[in-house]
Structures are given as C-alpha cells and as structure tokens.
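A.B. asks: Quick one, what's the 3D model for this:
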Amino acid sequence: MNSSTGTSDTVLMTGANRGIGLALTERLLQAGHRVIATCRRPADADVLTALGASNEGGRLEILSLDVGDATSVDALAATLADRPIDALVNNAGRMRRENGVDDLDYEDWATTLAINTIAPVRIASALKPNLLLAPGARLLCVSSQMGSLERATSGNIAYRSSKAALNMAMRCLADEWRAEGIAVVMVHPGWVRTDMGGEDAPLAVSDSAAGLARLVERVTMADTGRFLDHDGSTMPW
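C.D. replies: As a prediction, the model looks like this:
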C-alpha cells in the first residue's frame, strides 16, 4: 500500500518481463498494488504471465510496448486513455559493454541513446494525461551510478552517456512538471546480479526490488528532481 495514502496504486512498469522489472512487478503485487506490466512480446513472457495467474483479483495487466517505437508508445497511450496511473516506472533499458572509444559501435550507441534516454521522455510525455488523473502521481526513471559525472571512468561510453543524458532530461522534466504536481526522480537500482549487471554484482535482484518498491510508494513532490539510490539515499550527479 502507498504509505502516504494507505491505498493501493496503479503502477505502469516498462521492461517488466525480466530482471529488475520482473522482480519489482512481483514486489508491488505482493504489496497489494495494481501493475500494468509492459514488454515487447507478452506472448513470450512466460514468467510474467505465470505471475499474473498466481495473483488474484486481476491486479496484473500485461500489455505490449516496444519503448523504441513511437507508434507502439502511441498505441499504449490510446489503450490506456482516461485511466489514472499513480506511478510510472521507466525501467526498460539496454547496455552493450565496450572497452573504450576504439571499441565503440556508433550505430549501437545511437540505439542505446534512443532506448535509454529518448524513450523514457517519450513515454512520460505520452502518459502524462494518465498521471494528471492521479493525485500524488510520480515518475521514476531507472538510471545508474554509471551516469554520474562525479564517478566517470573509462569504458562503456555509450551506456554512461545515455544515463547521464537521461538524468539531465528528467531534471528538466521535473522542473517543467513541478507546477502540475507530478514528482520526477531518477533512481539507481544498485549494482544488481542480472543479465545486465553480471554475476559479480553484489546486490541480489530481490533486495534491489524491495528498495525500489519503497521508493515507488513513498516518493513525493519534496523529492522531485532528485537522483536517488535504491535505499533512498542521494546519489552524486
């Protein structure tokens, strides 16, 4: 339940079929929330489908969304027209590891920027009418400490730059939407043992999801524009 209101929320999750998105979807359902879970191919999302079947009351709705396709984003917005959304979690992302500038694939870099930076803005804009229908609405974008300029190191230029750009875009959005009462925050999920994070990551997916779920429930306008770790502490820009 939402700790501030004592009521359940409707949360829309992108990239909900695996990794952090799947774990966070499960955690939110366990807390009694309704989740609109999106992924590119719902027919192939077996674990997500099974999760829906195990939850009574139809609190999980699975919809198709290719975050990099403007037509797909528009179709989702049309499907959800006039439905309040309390929290939008832009979780979908991609990463191709490279060792440095000589290892860059420039076409892949453009794709990474399209998915990690541009798509979250497009989705937020498309679903803004839904957020405005929900008092206390909030937008959470999964960023990364790798997007922190204070922690910049060599390697992974495409991913780092996409998350740094996401942070700036969302800082701008937070300022723009402040007067309309929509809280916007960037969240670092931790270095998590997922396909993207790798086996050496110190944080279990379940622990990351637990922290992120608390943020989904507790973020308010007092937090808008902040860059937060999964435990609620402030991340360096």
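A.B. asks: Give me the contact list for the helix or strand V187 falls within.
C.D. replies: According to DSSP states H and E, V187 maps onto strand 183-188. Here strand 183-188 makes contact (C-beta atoms under 8 Å, 6 or more residues apart in numbering) with 124, 136-145, 166-167, 170-171, 173-174, 177, 212, 215, 219-221, 223-230, 235. For every residue, glycine as well, the C-beta is placed using N, CA and C.
A.B. asks: do stretch 66-76 as well
C.D. replies: Stretch 66-76 has contacts (C-beta under 8 Å, 6+ apart) with 14-15, 38, 40, 63-65, 92, 111, 114-115, 119-120, 122-123, 126-127.
A.B. asks: hey, where'd the strands end up in the chain?
C.D. replies: Applying DSSP state E to the chain gives strands spanning 10-13, 34-39, 60-64, 87-90, 138-142, 183-188, 227-229.
A.B. asks: Let's have those in CSV, adding mean neighbour count.
C.D. replies: Output for the strands of the chain, formatted as CSV (neighbours: other C-beta atoms under 10 Å):
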stretch, mean neighbour count
strand 10-13, 26
strand 34-39, 26
strand 60-64, 17
strand 87-90, 27
strand 138-142, 26
strand 183-188, 25
strand 227-229, 18
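A.B. asks: Which of those sits closest to G19?
C.D. replies: Counting by C-beta to C-beta, G19 lies closest to strand 138-142 out of these; the figure is 10.2 Å.
A.B. asks: The closest one: partners in the sheet, and parallel or antiparallel?
C.D. replies: Here strand 138-142 has these sheet partners by DSSP bridges: strand 87-90 (parallel), strand 183-188 (parallel).
A.B. asks: TSV for those, including distance to S72 and mean pLDDT?
C.D. replies: Formatted as TSV, those follow (distance: least, C-beta to C-beta, whole Å; pLDDT from 0 to 100):
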stretch	distance to S72	mean pLDDT
strand 87-90	14	98
strand 183-188	23	97
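A.B. asks: Next, format these as TSV and append distance to R151.
C.D. replies: Listed next are the strands paired with strand 138-142 as TSV, based on distance: least, C-beta to C-beta, whole Å:
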stretch	distance to R151
strand 87-90	21
strand 183-188	10
